[in-house]
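Asker: 3D, please:
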Amino acid sequence: MTASTSESDPKPVFSSEEIPPALQEKMWGVTISESSPVSFEDLRCLTISFYDYNGKIGQGKLIVHCTLAQEVLQIFRELYKAEFPIEKMQPACFYYGDDILSMADNNTSAFNDRPIESSGGLSFHQLGAAIDINPLVNPYIQFSTNTILPPQGEPYLDRSRKVKGMIQPDDVCVQIFKKYGWRWGGDWSSLKDYQHFEKDI
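Answerer: Sure thing, here's the model as predicted:
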């Protein structure tokens, strides 16, 4: 079903810029620091249009590595064209760098200087090379410890449910990311990270 649009709807925007000073100030000491593996110069702030859960055109921002910026814009152009629903999209600093808060709010995000959940190792998010989409309805589960993140996402471990924004193996979201060489956490065996897409840089 195609979402209805009107002349009053904003035109879609897909743009990239260096991290603006005001956003740098909000990020510093929260999602990036002197010890981070990347600097502000390595990152780009993307402005991205998407269809929200009400079928309206929303707009948000993703922070990604500069080498992936144009590719990520193209991926989200294709998701927009396919009208794949995204509830909201804000950098992790708007959640004080707290990934659980961001996930529980079903917020789509990318860069955050935080290690891998299970091992503490360097994560793709620390490099700006991972994106989590609609994380509340696409939760993470570590089978060995029965860890579910966010905890509020437990009802959505039932992947047979028909839920807006849920990512399925054969749907357009997975197809588009994989077309550009990204890996999907829903394909993993020892754990499932249904929200997560990552790419080597």
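
Asker: drop to CA atoms for contacts and neighbour counts, all remaining ones
Answerer: Fine.

Asker: ok, Met103 to Asp132 distance?
Answerer: Using C-alpha to C-alpha, to the nearest Å, Met103 is found at 9 Å from Asp132.

Asker: what of Tyr80?
Answerer: 16 Å.

Asker: of the two, who's got more company?
Answerer: Applying other C-alpha atoms under 10 Å to Tyr80 and Asp132 shows that Asp132 carries more neighbours, namely 25 against 19.

Asker: bridged to that one, which residues?
Answerer: Ser109, His196 (DSSP bridges).

Asker: contacts only, for it.
Answerer: 108-110, 195-197 (C-alpha atoms under 8 Å, 6 or more residues apart in numbering).

Asker: between these, which is nearest Lys179?
Answerer: Phe197 (12.1 Å; C-alpha to C-alpha).

Asker: what's the closest non-adjacent residue to the closest one?
Answerer: Using C-alpha to C-alpha, 6 or more residues apart in numbering and skipping the chain neighbours, the partner closest in space to Phe197 is Trp184 (4.7 Å).

Asker: how near is the one you found to Asp113?
Answerer: For Trp184, the distance to Asp113 - C-alpha to C-alpha - is 20 Å.

Asker: just Gly186 next, same as before
Answerer: Distance from Gly186 to Asp113, by C-alpha to C-alpha: 22 Å.

Asker: more neighbours: the two, which one.
Answerer: For Gly186 versus Asp113, the count of surrounding residues by other C-alpha under 10 Å is larger for Asp113: 24 against 20.

Asker: wait, doesn't that one sit right on His125?
Answerer: Yes: judged on C-alpha atoms under 8 Å, Asp113 makes contact with His125 at a distance of 6.5 Å.

Asker: contacts for the lengthiest helix in the chain?
Answerer: Scanning the chain for the helix with the most residues, using DSSP state H, yields helix 69-81. The list of residues contacting helix 69-81 from outside it, by C-alpha under 8 Å, 6+ apart, reads 14-16, 44, 46, 48-51, 172-173, 176-177, 180.

Asker: so what's Lys199 up against?
Answerer: The contact partners of Lys199, by C-alpha under 8 Å, 6+ apart, come to 124, 129-130, 181-183.

Asker: ok, now with 6 Å
Answerer: By C-alpha atoms under 6 Å, 6 or more residues apart in numbering, the residues touching Lys199 are 129, 182.

Asker: need the three-state assignment for Asp170.
Answerer: Put simply, Asp170 is coil when judged by DSSP: H, G, I helix; E, B strand; the rest coil.

Asker: pLDDT score for the residue nearest to Leu157 when sequence neighbours are not counted?
Answerer: Once flanking residues are discounted, Leu157 sits nearest to Pro139: 7.0 Å by C-alpha to C-alpha, 6+ apart. Predicted confidence (pLDDT) for Pro139: 98.

Asker: ok, Pro139 touching Glu154?
Answerer: No: Pro139 lies out of contact with Glu154 (C-alpha atoms under 6 Å); the separation is 7.3 Å.
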